[in-house]
Structures are given as structure tokens and as C-alpha cells.
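# sequence unavailable; structure follows:
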DNA sequence: TAACATTTTTACCGGCTGGTCAAATATTCA
DNA sequence: TGAATATTTGACCAGCCGGTAAAAATGTTA
């Protein structure tokens, strides 16, 4: 058995926190035996090992800049052995992105129409900020992919992501219509939250340079959370 | 004469608009004959041609993902000919980044302590947004470089950028002290403006997917500007 | 135009690239 | 246990990679 897409990625989610609501993009059923032949124990661990290594390399150097040799060595594996589990470099990349997209969008999926706008938005911001702090490689993986034109997840963005944003923008719009929120374009509000929160992962080095923070110092995240909630929920300028 | 850093990059600035105040990082004096030998007409045009091609390639694929062959062919030049003007791939990348950093930070340099906070901030946002719209490749070039850890401009971030942000954060702080602005961390305000404005260049494909905008349609920038000024200058939530 | 300097081209290099193949090894299970 | 299957390895390949050397072509200027 070779080259059937791996399904297990338990250890990438390090702290689900508010518990991702449900799966939507792509089937991630790991143990629930579907049509494909059952996975070997070795298969499961090795595919996870490869995807972990690939995340490390792809998130730093992007698709073109990454090499199979470096992924293989990061996975502590020979290159042909790696290619026994995945058919190509592209296969690894697409598998990784597809698997992680769900995790990545979980906070937005959590946005509830029947909740209090203030609470819902601040929860969303906090959740996204926490993902930047705890899953910076995942953030950079997506940033790299989108930067080069989303050549491997273009259709996913145009269909699944588009639909999700439309759905959640409608919720925000309903809050505006109810007079609970100042009139604004809901989709750009979502963009602004993405931008500001993911910035702390994607531009980590720049932020640390400006703030003179050591690599392991994450104390600026508290300031970030305070500013962003102030920004999105209150007014910045008093006068 | 070979491999002395090129100095001319006139055509990369397409629309300076509020006129960049002064140069700071790196000397960009093109015609003002300094110690180096005078540049040939051919040198000037070819170095500009190479940097333009390099911007195209580096901004899409990052440093590791880009190749000299692709840069050379984009510059309509043979690879050895390209290497007659620059000593290495790294040389091209660093030259490009250094030259562009000044342009990139010009809007922040423009922030004036004696101006009205509302006007100064909204001008800054508008200026940054316009750069995302008109110079998206430059934005992506920096995003790629920072994503992979700023290996080529690390010192510039830690010294020049740090100092600039400190200086401008002090201005914002003075507005807060004067009661003109709600108390907040000024440096994170700057981060938030960077994040939200640059997002429209760096994540262009994603935004177009969500909004279903054609490649040449830039109508969403008006909505973006409206939301961002609302966000940074007014209050989002009324209740 | 002739001497000189600058620019471009051709041919090339060793190492890395994504990927293949077949043989060797380990694992599973009747 | 042993046969069947799953996994790992080493040897290899064509093409690309960043970069070099030297000659050929072009431009400049006295």
C-alpha cells in the first residue's frame, strides 16, 4: 500500500482550547475506517513525522524553497523512504495545507449569531491570537502559500473559504442591522482581525526586533490582546 | 569595473505622493558622483533591469525559491551577464531589500508630532494602503524576507527600524499624554496599522477569492480604507 | 581609426534537485 | 515457523542550481 493520503495528525493540534466545533473541509476521520485500507501503526507514525518535518521546512522557506532532502533529514528518514509515504513534494504540501486549513479556520467557525457581539468578537480575537502564539509555523505555512498566489489551495479559498466568510459576515451584518455594531463592511472586519492577529506569527522576527524581545519571551502577546480588543471593541480616539 | 552596488532605482517608485521626506538607511545618491567610479549608461539601465526582474521573482518565491536563471530570463539577460553586475544571488537580494526599505518606511517617517492625531493617523493609513495597492511586490518581498527570519535584513530591523518605531511611538505616546488618544501601547498601534494595510498586498489572492474580485479590480480598496479609518479613529461598537 | 575598456557570450563545473528502481530488511499473521 | 506483506536502503539519473573562466563582441575615446 502506497501513497494514499495520510489521515492522522493528532499532535499538530497542541491546545484546541475552545474545542473546534466540527470538521468541514476534507475528511479527517483518522480511526473511523473508511473505504481505504486500514493504516499500519508504522504508517500512521511515519506520516505524522513527515508532515511535522514538512511543516517545519515549508513554513520557513515556502514551497519552492523547501527541498525533499531537508524534509527527509528533518524527519530523520531517507528521501526514498519519505517518497514511499507521499508520491511527491507537491503531495506533501497539499496534504499538509488541506489538513491544517480546518484547524486554521476553526476560530471563525466558532462565531455564533446568537451570542453577544462584544463577547463573540473578543473571543474570536483572543482565539486567533492564541493560535498565532501557539501555532506560528502553521500561520507562516499559509502566509507563504498565499504570498505565492495560493497555487495549491486556490480552489479551497474560492469555494470553502469564500462560503465560510460569507456566512460569518452575514452574522456580523445582522448585528449591524440590529444596531449593536457601527455600520461597516463585515468582510473587511474579518480581514482586519486576520491581519492583526496573524501578524504576530508571520512577522514575529520583525516584532521582536522592534520590541527587543528574546526568542522565548512572549510577554508582548498580552499587550497585543489588550490593544486589539480595545481597537475592535472600543474607541481608540477619545477627543 | 564590477560588482559595486548599483545605486539607481528610479522607476520602482511609481507614485511618491506625499513626497518621501528624506533618505536615511543606505545612500541612494545615483548621479551625485561619490568616491566610486562613475556609472556607465549601460550599467545603470541593466542594474535597474535586473533589480526589477529580481523584485518580480523574489517577491513571489522568496530567497530560496528564486533562481538566478529565472531572474536572468525575466531580465532578458544571460545568467553570466547578470553575474557581471552582481556578485551573487545574495548580493541582488540584499541590494534590493536595502534600496526598498527606505521607500517602504517613508509613510511612517512622515508622521509629524505637531500635526492633528486624527489627520496624521488617517494620512498614515491612507498612505500605507496606497503603497499596498501600488507596490504589492515590494510588500511581498519584505513579507517573504521576514517570514524566513529576516536573514538578510536582521540588523537593519534591530537598529534602524527599532529606532524609527521608538521615535514615532513616542509621538503617539505624547498624544495619549495630552489626552487626545485613548491609552494604549503605541508600538502595537503601529503594528496593527502595518498588519491591516500590508495584508491587502500580501494576502491579495485570498482577499480576491473571498470577495470574488478579478485581478484588475481594485474597488475593494475604498471599502478597506473606510473600515480602517473607522477602526483606528472611531469606535466600532456603539452599544 | 586604433587602442583601450566595457559588456556579452559560450562552454563549463561540482553539487544539489525531485524522483526511480530493485534489492535488502523488517513486520505481520495464518 | 514461514510465507506474504510492508518498509527501508543504496545506487542511480537527468536536469537544474549558483557560479567561474576566458574569449568574443561591443562601446568609448584620443
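Okay, I see it. This one's a predicted model, so the numbers in the text were calculated from it and none came from an experiment. Numbers count the residues shown, from 1 in each chain, chains lettered A, B, ... in the order given.

# so the residue nearest to the spatial centre of chain A is in which element?
With distances taken as Cα atoms, centre = their mean, residue A:104 lies nearest the centre of chain A, 2.8 Å away. Per DSSP states H and E: residue A:104 is located in helix A:89-109.

# quick one: the residue nearest to the centre of chain A and residue A:140 touch, right?
No. Judged on Cβ atoms under 8 Å, residue A:104 makes no contact with residue A:140 at a distance of 11.7 Å. Backbone N, C-alpha and C define where each C-beta goes, glycine included.

# could you report the separation of residue A:232 from DNA strand C?
Distance, residue A:232 to DNA strand C, by Cβ to the nearest atom of the strand, to the nearest Å: 41 Å.

# nope, residue A:107 is what I meant
Counting by Cβ to the nearest atom of the strand - residue A:107 and DNA strand C are separated by 32 Å.

# again, but for residue A:230
Distance of residue A:230 to DNA strand C, given as Cβ to the nearest atom of the strand: 45 Å.

# one step back: do the helix holding residue A:104 and chain B come into contact?
No. Residues of helix A:89-109 are not located near chain B by Cβ under 8 Å from any Cβ of the partner chain, the shortest gap being 11.4 Å.

# surely residue A:98 meets residue A:160?
No. Using Cβ under 8 Å, residue A:98 makes no contact with residue A:160, being 10.3 Å away.

# what residues does chain A have near DNA strand C?
Residues of chain A found near DNA strand C (Cβ under 7 Å from any atom of the strand) are A:40-42, A:66-70, A:79-80, A:83, A:87-90.

# could you work out the most separated pair of those residues?
A:41 and A:67 (28.5 Å; Cβ to Cβ).

# which one of the two has more residues nearby?
Between residue A:41 and residue A:67, counted using other Cβ atoms under 10 Å in any protein chain shown, the more crowded position is residue A:67 (14 against 7).

# helices of chain A, start to end?
Along chain A, the segments classed as helices by DSSP state H run A:41-65, A:68-74, A:79-85, A:89-109, A:117-134, A:136-147, A:154-156, A:162-177, A:186-202, A:204-211, A:220-233.

# hmm, back to that, and the helix holding residue A:104, what's buried?
Residues of helix A:89-109 classed as buried by neighbour count (16 or more other Cβ atoms under 10 Å in any protein chain shown): A:89, A:92-109.

# any idea of the mean pLDDT in it?
Averaging pLDDT along helix A:89-109 gives 97.

# is there contact, residue-wise, from that helix to DNA strand D?
No. Residues of helix A:89-109 are not located near DNA strand D by Cβ under 7 Å from any atom of the strand, the shortest gap being 13.5 Å.

# against which helices or strands is that helix packed?
helix A:41-65, helix A:68-74, helix A:117-134, helix A:136-147, helix A:154-156, helix A:162-177 (3 or more Cβ pairs under 8 Å, 6 or more residues apart in numbering or on different chains; DSSP states H and E).

# export those helices to a markdown table and tack on distance to DNA strand D and mean pLDDT?
As requested, the helices and strands packed on helix A:89-109 are exported to a markdown table (distance: least, Cβ to the nearest atom of the strand, whole Å; pLDDT from 0 to 100):
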| stretch | distance to DNA strand D | mean pLDDT |
| --- | --- | --- |
| helix A:41-65 | 4 | 96 |
| helix A:68-74 | 9 | 98 |
| helix A:117-134 | 30 | 96 |
| helix A:136-147 | 17 | 98 |
| helix A:154-156 | 22 | 98 |
| helix A:162-177 | 33 | 96 |
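
# most tightly packed of the ones you listed?
Mean neighbour counts were compared across the helices and strands packed on helix A:89-109 using mean count of other Cβ atoms under 10 Å in any protein chain shown; the top stretch is helix A:136-147, at a mean of 24.

# does that helix reach chain B?
Yes. For helix A:136-147, a contact with chain B is found by Cβ under 8 Å from any Cβ, at A:140, A:143-144, A:146-147.

# just want the angle from that helix to helix B:204-211.
Here helix A:136-147 runs at an angle of 80 degrees relative to helix B:204-211 (axes from the mean of the first three to the mean of the last three Cα atoms, to 10 degrees).

# who does helix A:136-147 touch, helix- and strand-wise?
Helix A:136-147 packs on helix A:41-65, helix A:89-109, helix A:117-134, helix A:186-202, helix B:41-65, helix B:136-147, helix B:186-202, going by 3+ Cβ pairs under 8 Å, 6+ apart.

# counting by contacts, list what the first one packs against.
The reference is to helix A:41-65. Secondary-structure packing of helix A:41-65 (3+ Cβ pairs under 8 Å, 6+ apart): helix A:68-74, helix A:79-85, helix A:89-109, helix A:136-147, helix B:41-65, helix B:136-147.

# list the contacts for the residue nearest to the centre of chain A?
Residue A:104 sits next to A:131, A:138-139, A:142 when contact means Cβ atoms under 8 Å, 6 or more residues apart in numbering or on different chains.

# check the spacing between residue A:101 and residue A:143 real quick.
13 Å (Cβ to Cβ, to the nearest Å).

# mind listing what's buried along stretch A:175-193?
The neighbour-count check on stretch A:175-193 (16+ other Cβ under 10 Å) flags A:175-176, A:181-182, A:184-193 as buried.

# out of these, which is nearest to DNA strand D?
residue A:191 (33.8 Å; Cβ to the nearest atom of the strand).

# just checking, that closest one touches residue B:199?
Yes. Residue A:191 is within contact range of residue B:199, at 6.3 Å (criterion: Cβ under 8 Å).
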